[in-house]
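K.L.:
Return a 3D structure for these sequence lines:
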Amino acid sequence: MEKEIIELLINKDFLGLEKFIDLFGTDIVKCIRSILNHTDERTYHKEVENEVFYRIWQKISTYSEEKSSLKTWSLTITRNICLDKKRLIIRQQKMIPMEQLPESILEENYFEKEDFLDLLHHLTQEDQLIFLKYYYYQDTPNEIAEELNIDVSQVYNHLSRGRKKLKQLLI
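P.N.:
Purely as a prediction, here's the structure:
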């Protein structure tokens, strides 16, 4: 079934896109909703969903069956688009998440929002997501752990590791 979908998509046949959406659409929507989960982000769900399907339509020729399954490849694209959108939303709201860092020795207004987001690019995508949820959206570690399906101690580890890495970059 997947091979047929891939072949149709490569040949730019809309039937392939329809079959792809039937097979993976629910997983993609769940992924979008789990990352863009705050009230002010819900308005972007359809936009991101359309962007995901369009990007898959464009990039299907880069898919390699040896590297990952079609589902994993698609959900990776979805996650990346969602994280990009989340960063854009934060930039538009002109918030400064760094001011909430409890271990910060920096003055509150030292960083502009853009500087903070540039610093986040040095973290892994998972660390970026956890940082945004904790410092920007003020989610508790328990909420983050439940949402990402990881242990609470892992959330604390990601936050600690991220703070250390950002401090090293600033020194």
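K.L.:
What's the first helix or strand after the helix or strand of the chain with the lowest mean pLDDT?
P.N.:
Lowest on mean pLDDT, DSSP states H and E among the helices and strands of the chain sits helix 113-120, with a mean of 66. Sequence order places helix 125-131 as the next helix or strand after helix 113-120, per DSSP states H and E.
K.L.:
Can you pull out the residues in contact with that following helix?
P.N.:
For helix 125-131, contacts defined as CB atoms under 8 Å, 6 or more residues apart in numbering pick out 35, 79-80, 83, 86-87, 97, 120-121, 123, 144, 148, 155, 158-159, 161-162, 165. (Each C-beta comes from the backbone N, C-alpha and C, glycine too.)
K.L.:
Please apply the same query to stretch 71-86.
P.N.:
By CB under 8 Å, 6+ apart, stretch 71-86 touches 20, 24, 27-28, 31-32, 35-36, 41, 44, 47-48, 51-52, 55-56, 59, 63, 67-68, 125, 128-129, 132.
K.L.:
What residues sit buried inside that stretch?
P.N.:
Neighbour counts over stretch 71-86 (16 or more other CB atoms under 10 Å) mark Trp73, Ser74, Leu75, Ile77, Thr78, Arg79, Ile81, Cys82, Leu83, Lys85, Lys86 as buried.
K.L.:
filter the contacts of helix 125-131 to the buried ones?
P.N.:
Neighbour counting by 16+ other CB under 10 Å classes 35, 79, 83, 86, 97, 120, 123, 144, 148, 155, 158-159, 162 among the contacts of helix 125-131 as buried.
K.L.:
Least confident of those residues?
P.N.:
Minimum pLDDT for those is recorded at Pro97 (52).
K.L.:
what's the helix or strand for Lys67?
P.N.:
Lys67 belongs to no helix or strand when elements are defined using DSSP H and E.
K.L.:
cool, and Ala145?
P.N.:
helix 141-148.
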